[in-house]
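[1] coords below, sequence missing:
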């Protein structure tokens, strides 16, 4: 379908993310068995699963920091492996990490503006370290202000509270403004109130798409790993559940119950029956979580 | 693996025992007149030589030593920092030419620091005579080797997560260096450089062994004349110099922390 009309945008836009049978193994373990899915702009996807289920591997694959052993990964219709690091990749993918991963020794402004490093020339990156351009300063200021942190621009990052550091990390992704925002356990170290706050901020990044233009169609997606069933069902539109590197289910959040998610964790430490096979690289079986081999053992 | 380690430990213990045993315990170990000399040296401290003319001389010698140390450590930073950055491999992508550059920088740093500053001084005396240039170059080379090596290690031992976060936001290795490695390694690098500056003051003082002027030179002259009071004065000046640098360094480090 390539009907180009002068007045209407093309009807068929490629999904933001299209994964076709991507897989990753490390010596001795299958980190991620072949998995396929596609994610559209506007989606908020939670990746759920116990530790070691392949969540982080999946995020690393999407971020391009780890290459899949097999399969194809298209971002915005383009092969991730062929995207140039720097401007191209950074305008597509951004990441917020568990520990926020800021440089503690720098003033907040540099940690925020680090989100622009992929776009800046080398010279500009060097000059900015010494003298921040007024335009960039306003950019960082606006981001921090929106997150309720005005006036902390030149505070040393290590002197900020945990909640403030988390905002700086969000502000970094805001100024980077990628289409795909990845978050690796962004709320795992936060108390429940703070966790909701953080997820509010992050989902805000998706809904605020097109801040400086009249475009209101969503053009961004959020993909986060997290554990809490309540947070997953309250803040996300879709759940991809993994266990032992295998896809358990991939459903709209409305079709997932708290029990489904709890079951994922009940299974931890338990083995699937020998030779169990969910059926290859296509979507995993819905309701696969019902196939516990021995629930009694898992609880014990 | 543990077997190898045990063997190595045994060998080292044996080496210690052998060296102690072969130290020549047969003859007199103590110098019988030593106690008297020690007493004389100790009593010379109360008071040390404080005549204005000698204080002037001590001050000039201290200044001379300080100048050598400052010039030596400054050039060592100028030489050691870029070489350390190259040797760390932090600013290069993968590739054959970068591997060569890393190996070359590492080799140079190892080569210059494997030779003691006094040996460098002997070599440079032969080339430049008893000039300031000799003293400064003799300090610069080994200190550049030491600082470069430490800078490389510090740049490589910073936490990796923030670096990875910078890479994901699209930063090239040099930008990761600028916005991640350098600011994280800087406080330790500054602290270590100050410590090495103290060492450079001591090294500058003993340049007298090859005949270069400074505190050590004056200490040697006074010792030869058995003027222990003067020796004490000079030692106190050296001590004061090191203490001042120590205070300065902790001040700088504190200001970097806030």
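    Yes, it's here. What you see is a predicted model, and the numbers here were worked out from it, not measured in a lab.
[2] can we go C-alpha only for contacts and neighbour counts from here?
    Fine.
[3] can you point out the buried residues in the lengthiest helix in chain B?
    Ordering each helix of chain B by length in residues (DSSP state H) puts helix B:52-88 first. By neighbour count with 16 or more other C-alpha atoms under 10 Å in any protein chain shown, helix B:52-88 contains the buried residues B:55, B:57-59, B:61-62, B:64-77, B:79-81, B:83-88.
[4] helix, strand, or coil at the closest residue to residue B:70 other than its chain neighbours?
    In space, residue B:70 comes closest to residue B:197 once its chain neighbours are excluded; the distance is 7.5 Å by C-alpha to C-alpha, 6 or more residues apart in numbering or on different chains. For residue B:197, the secondary-structure state derived from DSSP: H, G, I helix; E, B strand; the rest coil is helix.
[5] my guess is residue B:197 contacts residue B:68, does it?
    No - with contacts counted by C-alpha atoms under 8 Å, residue B:197 stays clear of residue B:68, the gap being 10.7 Å.
[6] lowest average confidence, helix or strand, in chain A?
    Here the helix or strand of chain A ranked lowest by mean pLDDT, DSSP states H and E is helix A:295-299, holding a mean of 40.
[7] rewinding a little: for the record, mean pLDDT for the longest helix of chain B?
    What helix B:52-88 shows for mean pLDDT is 94.
[8] now do whichever helix or strand comes after it against helix B:52-88, angle only.
    Using DSSP states H and E, the next helix or strand after helix B:52-88 towards the C-terminus is helix B:96-113. If you take axes from the mean of the first three to the mean of the last three C-alpha atoms, to 10 degrees, helix B:96-113 sits at 150 degrees to helix B:52-88.
[9] what residues does the stretch 151-258 of chain B put near chain A?
    Within reach of chain A by C-alpha under 8 Å from any C-alpha of the partner chain, the stretch 151-258 of chain B has these residues: B:161-163, B:165-166, B:168-172, B:175, B:178-180, B:183-184, B:258.
[10] buried ones among the residues you listed?
    Applying 16+ other C-alpha under 10 Å to those flags B:161-163, B:165-166, B:168-172, B:175, B:178-180, B:183-184 as buried.
[11] quick revisit: which residues touch the residue nearest to residue B:70?
    Residue B:197 makes contacts with B:69-70, B:73, as judged by C-alpha atoms under 8 Å, 6 or more residues apart in numbering or on different chains.
[12] any idea of the pLDDT on it?
    We have a pLDDT of 93 for residue B:197.
[13] measure it to chain A for me?
    Look at residue B:197 and chain A: by C-alpha to the nearest C-alpha, to the nearest Å, they are 24 Å apart.
[14] next one: residue B:65
    Taking C-alpha to the nearest C-alpha as the measure, residue B:65 falls 35 Å from chain A.
[15] that residue: what's it in contact with?
    When contacts are counted by C-alpha under 8 Å, 6+ apart, residue B:65 touches B:201, B:204-205, B:213-215.
[16] what do you get for residue B:63?
    residue B:214.
[17] could you rerun that using 10 Å?
    Applying C-alpha atoms under 10 Å, 6 or more residues apart in numbering or on different chains to residue B:63 gives the contacts B:57, B:69, B:214-215, B:241.
[18] farthest-apart pair in those, please.
    Farthest-apart pair in the contacts of residue B:63 is B:57 and B:69; separation 18.4 Å (C-alpha to C-alpha).
[19] before we move on, back to that, hey, what's in contact with both of residue B:197 and residue B:68?
    Here residue B:197 and residue B:68 have B:74, B:203 as joint contacts, going by C-alpha under 10 Å, 6+ apart.
[20] which secondary structure state is assigned to the nearest residue to residue A:158 once chain neighbours are set aside?
    Excluding its sequence neighbours, the residue lying closest to residue A:158 (C-alpha to C-alpha, 6+ apart) is residue A:104, at 4.5 Å. Recorded secondary structure, residue A:104: coil (three-state DSSP).
[21] residue A:104 contacts residue B:182, doesn't it?
    No - applying C-alpha atoms under 10 Å as the test, residue A:104 and residue B:182 come out as separate, 11.8 Å apart.
[22] in contact with the residue of the stretch 151-300 of chain A found nearest chain B, which residues?
    Closest residue of the stretch 151-300 of chain A to chain B, C-alpha to the nearest C-alpha: residue A:176 (7.1 Å). Residues counted as contacts of residue A:176 (C-alpha under 10 Å, 6+ apart) are A:87, A:90-95, A:112-119, A:170, B:169-170.
[23] that older thread, the residue nearest to residue A:158: neighbour count?
    18 (other C-alpha atoms under 10 Å in any protein chain shown).
[24] same check, this time on the one 4 residues further on
    The burial metric for residue A:108, expressed as a neighbour count using other C-alpha under 10 Å, is 29.
[25] identify all contacting residues around the one helix or strand residue B:125 maps to.
    In this structure, residue B:125 sits in helix B:117-128 according to DSSP H and E. Helix B:117-128 is contacted by residues B:112, B:129-143, B:200, B:203-204, B:206-212 when judged by C-alpha under 10 Å, 6+ apart.
[26] buried among these? Make that a ChimeraX selection.
    A single ChimeraX command selects the buried members of the contacts of helix B:117-128 (16+ other C-alpha under 10 Å):
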select /B:112,129,130,132,133,134,135,136,137,138,139,140,141,142,143,200,203,204,206,207,208,211,212
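[27] mark which of the contacts of helix B:117-128 are part of helices, please.
    Using DSSP H, the contacts of helix B:117-128 in helices are B:112, B:132-143, B:200, B:203-204.
[28] and those, which two are furthest apart?
    B:112 and B:132 (19.5 Å).
[29] could you pull up phi and psi at residue A:242?
    phi -120, psi 150 (degrees, to the nearest 10).
[30] what's the weakest-modelled helix or strand in chain B?
    When the helices and strands of chain B are scored by mean pLDDT, DSSP H and E, helix B:34-43 comes last with a mean of 81.
[31] which strands and helices lie in contact with that one?
    helix B:228-257 (3 or more C-alpha pairs under 10 Å, 6 or more residues apart in numbering or on different chains; DSSP states H and E).
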